[in-house]
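**Student:** below: sequence and its predicted model.
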Amino acid sequence: MTTNTDIQPAVWWRRLCEVADRLFVCGDLPMNPHGFRQMLDEWVKAGITHIVDLRGEANDSNRVADHAPHIEYFWFGTHDSGGSQDFSWFDAGVAAITDALADPQARVVVHCHMGINRAPSMAYAALLQLGHGIEDGLDAIRDARPIAAILYADSAIDWFADRDGWDEAGRTDAQRRASAWHRDNPIDVSGVISSIHDEEIDEIYGIAEEYSQTTDESDIDWDAELEQLPQDQIAFDLAYQTAKDLVGQWYDLRAGDGIGFDEMPDELQLDPDDKIGRIVVDLIAQGICRAIGVDHNGLADDQATELTKEILGCITQGVSIGLGAVHDDAGGGSS
């Protein structure tokens with residue numbers, strides 16, 4: 001087994017990891033067009049013929065079709081909130097993987113957002129289907145991808161036991177062995193996720209450099225622009241980072257005996273108008289404008305209003321993702 005004492009999670013995030021012959025696990029393609037094309041070109045050079053995307057929060061089918069139409073793309077989006085995964089999800093994903101691998105020329109990449117739980121768990125189910133043992137499959141994935149936590153391995157085992165007709169004793173024994181493997185091979189999941197989140201936020205704020213001189217703010221189709229961005233992820237990352245920063249400032253200021261409430265920054269003073277909420281929405285708007293290369297301060301009033309409405313819609317969709325991520329951050333995490 002590969003140890004993970006010196007893992008650099010961000011380095012492994014988007015690295016193609018071959019867990020079995022011609023079967024790879026990876027994180028997702030970058031959101032910015034240049035990074036997307038560069039990484040997709042790397043996949044093409046590596047001979048990737050099939051993509052199995054497991055993110056419930058995003059879908060790259062159109063972008064892949066535009067830049068690499070010869071690659072067959074499957075989307076089986078699901079949650080990453082812990083708990084279990086449906087048998088039907090494993091049915092679809094494993095069938096796509098094993099059917100593709102029946103062609104000796106095929107090379108399949110399975111990915112989710114960070115390549116920590118959903119993609120490794122689907123790959124694990126496929127390995128079970130292909131004849132790997134309980135521990136052998138887990139070893140193969142962790143050896144190839146040290147940041148793989150394989151959170152849904154128990155669901156994969158239940159799925160395989162059901163489909164292969166195991167009795168209850170066999171299923172229980174397999175679950176016990178998988179639990180023992182996880183206990184003997186722990187990783188710092190929260191630390192891995194946090195490290196990749198930091199890299200991701202840097203990426204979000206860095207996108208603007210690619211477009212900053214090219215976009216006319218007076219002619220922006222917000223629906224189209226936002227459709228090209230991972231809306232929930234941008235909203236959550238910015239809100240999450242903002243909340244962490246504000247709480248940190250609050251603690252720093254409150255820690256000093258001589259500092260009174262009136263001396264705290266305005267954004268830390270909760271008031272009936274929900275100033276914190278306005279700040280979060282404003283920061284999300286700034287992040288989106290950076291991502292598409294426009295000047296947030298230069299928006300006309302009607303453009304700013306339209307963007308705010310779109311953001312509020314995204315936040316509504318992203319509440320469950322945000323709550324899940326907060327829960328993960330407190331209790332060990334998934335991604």
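**Tutor:** All right, it came through fine.

**Student:** contacts and neighbour counts: CA atoms only from here.
**Tutor:** Fine.

**Student:** mind listing what's buried in stretch 178-197?
**Tutor:** 178, 182, 185, 187, 189-190, 192-197 (16 or more other CA atoms under 10 Å).

**Student:** how does this structure divide into domains?
**Tutor:** 9-186, 191-331 (automatic domain parsing).

**Student:** in terms of mean pLDDT, which of those ranks lowest?
**Tutor:** Among the domains of the chain, domain 191-331 has the lowest mean pLDDT, at a mean of 57.

**Student:** just confirm Trp115 is within a helix.
**Tutor:** Quick fix: residue 115 is Gly, not Trp. No. Read with DSSP: H, G, I helix; E, B strand; the rest coil, Gly115 is coil and lies in no helix.

**Student:** residue boundaries of the strands in the stretch 101-250 of the chain?
**Tutor:** Using DSSP state E, counting those that start in this stretch, the strands of the stretch 101-250 of the chain run over 108-111.

**Student:** put the alpha carbons of the helix or strand harbouring Val19 into CSV.
**Tutor:** Assigning secondary structure by DSSP states H and E places Val19 in strand 17-20. What follows is strand 17-20, C-alpha atoms only, in CSV (Å, rounded to 0.1, in the frame of the first residue of the first chain):
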residue,chain,number,x,y,z
CYS,A,17,-4.5,7.7,-12.3
GLU,A,18,-4.7,4.3,-13.9
VAL,A,19,-6.3,2.0,-11.3
ALA,A,20,-6.5,-1.0,-13.7
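
**Student:** who does that strand pair up with?
**Tutor:** Sheet pairing of strand 17-20 (DSSP bridges) gives strand 23-26 (antiparallel).

**Student:** just the buried residues of the helix or strand immediately after the strand it pairs with in the chain, please?
**Tutor:** Later in the chain than strand 23-26, the nearest helix or strand by DSSP H and E is helix 33-45. Going by neighbour count (16+ other CA under 10 Å), the buried part of helix 33-45 is 36-37, 39-40, 43.

**Student:** go on, stretch 302-309?
**Tutor:** 303-304, 307-308.

**Student:** please flag which of those sit within strands.
**Tutor:** In strands, judged by DSSP state E, none of the buried residues of stretch 302-309 are found.

**Student:** ok, so of the residues you listed, who is nearest His50?
**Tutor:** Among these, Leu307 lies closest to His50 (CA to CA), at 35.8 Å.
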